[in-house]
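Chemist: Model the following, please.
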Amino acid sequence: MATPSPQPPQTNGKTTPKLFETIGTFGRKKKIREAEAAQGIVQEGKQAIDGNEQHPVFDTSPESFVLADGEERSMIEPGMINNYDYQELRKILINWINDELSDHRIIVKDLTEDLYDGQILGKLVEKLSGQQLAVVEVTQNEDFQRAKLKMVLETANRLLGLDGQRVRWTDKGIHNKNTVEIIHLLVALIRFYRAPIRLPPNVQISILIIQKLQGTLHKRVQTESLTEAYDELSKRAEPRDAFDMIFDHTPEKVHSIKQSVAHFINMHLSRLNIESSPPDDIDPHSFSDGLNIVFLIGMLEGYFVPLGNIYTTASVDPIAEAVGTKETAFKSHNYMESSPHHKLHNVNVALELLEDAGINLRNKVRAEDIVNADLKATLRVLFMIFSKYKNVRY
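Modeler: Got it, this is the predicted structure:
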């Protein structure tokens, strides 16, 4: 007699799930979890590659800062963290650094976390300046990090020609991960070395400053400008004038201007035994250290520029210098190959002398452009001198 097949037990009219069905359910759930995890990894990787991470909002409230009396702290106002222009500027700066340091296989993802110790900043300054910095490569010691960062910033400030009053960053601020100070430094490097990128113009950020006075925390908000009005190549945008139109659209007139200006300059500087340019052309490198401009304006205005005010390696007759005989004093003058800092100082002296003579070029010419031998900027300066003094004869 055949044995009947066993029937599955009944529970409240429902059939108990079979084992393979239960395993199948677990398998589907596992696949869903794996897919979600994979999607998260892909999204995280995409954000890292795009370099468009959002700066984290501060978890610590200002009231929880531990400050000594008179001490102050600053932070980006939380409401400004996701500001579009600010985030776009951060993204552009990150991409620029990664492009500059691609040969070193360095990838920056966050300005604050990656630059605060001076390691990557040092590599960036070396790449831009072409100078090797005498600093240790890698260090985890905080004191060594601070010492290295200080040396990197001192080098950067010297290359940029900045003194203490005009510097908007400190080794303490950057090491404490002050994003605004880091951005100020990077923007200054971009402007000075004329990086071929466009910065978003007029980016401003609100800074919340907390100060402790007599045991009480005081708050204030100030607006910080991170960029100004720039056109391409990080050059300050100014209204265009007739010189811009001639230089950009009529090259034949530019050649004629070069000839006239070169003849004028050589005629005057030859009295100091100085050859500044070819007879019919302008070589901007001859003026990049500012010396020829300083000597030219001194000749035209009829005064002697003390050599102590500029960087030279002059061999000067002290008697001739004392009586102000320019022809004799400069006769044996030999120029040195100045550092960018020395060149920048000389050019700024020249622009100040021109301003005293009634030629104000501060809104049209940057000293950095002259140092970098930019033809248009150099020719503009020389043409303005020529226009004012072309009828001067000796």
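
Chemist: helices or strands up against the helix or strand harbouring Leu351?
Modeler: If you go by DSSP states H and E, Leu351 is part of helix 340-356. Using 3 or more CB pairs under 8 Å, 6 or more residues apart in numbering; DSSP states H and E, the elements in contact with helix 340-356 are helix 142-160, helix 291-301, helix 367-371, helix 375-389. For every residue, glycine as well, the C-beta is placed using N, CA and C.

Chemist: run the last query once more with 7 Å
Modeler: helix 142-160, helix 291-301, helix 367-371 (3 or more CB pairs under 7 Å, 6 or more residues apart in numbering; DSSP states H and E).

Chemist: Show the end-to-end separation of stretch 271-278, please.
Modeler: 16 Å (CA to CA, to the nearest Å).

Chemist: What's the mean pLDDT across that stretch?
Modeler: Averaging pLDDT along stretch 271-278 gives 76.

Chemist: can you list the helices and strands packed on helix 340-356 in a markdown table and add distance to Ile94 and mean pLDDT?
Modeler: Converted to a markdown table, the helices and strands packed on helix 340-356 look like this (distance: least, CB to CB, whole Å; pLDDT from 0 to 100):
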| stretch | distance to Ile94 | mean pLDDT |
| --- | --- | --- |
| helix 142-160 | 18 | 87 |
| helix 291-301 | 38 | 91 |
| helix 367-371 | 24 | 84 |
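
Chemist: Make TSV out of those helices and add mean neighbour count and distance to Asn176.
Modeler: Shown next, in TSV, are those (neighbours: other CB atoms under 10 Å; distance: least, CB to CB, whole Å):
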stretch	mean neighbour count	distance to Asn176
helix 142-160	18	10
helix 291-301	22	41
helix 367-371	24	29
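
Chemist: which residues touch His263?
Modeler: If you count contacts by CB atoms under 7 Å, 6 or more residues apart in numbering, His263 has none.

Chemist: ditto for Glu72
Modeler: Ile209, Ile210, Gln211.

Chemist: So what does it have for phi and psi?
Modeler: phi -140, psi 150 (degrees, to the nearest 10).

Chemist: how about the strands in the stretch 101-250 of the chain?
Modeler: 204-213, 216-225 (DSSP state E, counting those that start in this stretch).

Chemist: Pick the most buried one from the ones you listed.
Modeler: With neighbours defined as mean count of other CB atoms under 10 Å, the strands of the stretch 101-250 of the chain peak in mean count at strand 204-213, which reaches a mean of 16.

Chemist: Relative to it, what are the paired strands and their orientations?
Modeler: strand 72-76 (antiparallel), strand 216-225 (antiparallel) (DSSP bridges).

Chemist: residues making contact with the longest one?
Modeler: Right, the one you point to is strand 216-225. For strand 216-225, using CB under 7 Å, 6+ apart, the contacting residues are Pro62, Glu63, Glu77, Val180, Gln204, Ile205, Ser206, Ile207, Leu208, Ile209, Ile210, Gln211.

Chemist: With pLDDT and distance to Ala156 as new columns, can the contacts of Glu72 be given to me in a markdown table?
Modeler: Output for the contacts of Glu72, formatted as a markdown table (pLDDT from 0 to 100; distance: CB to CB, whole Å):
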| residue | pLDDT | distance to Ala156 |
| --- | --- | --- |
| Ile209 | 86 | 25 |
| Ile210 | 85 | 29 |
| Gln211 | 85 | 29 |
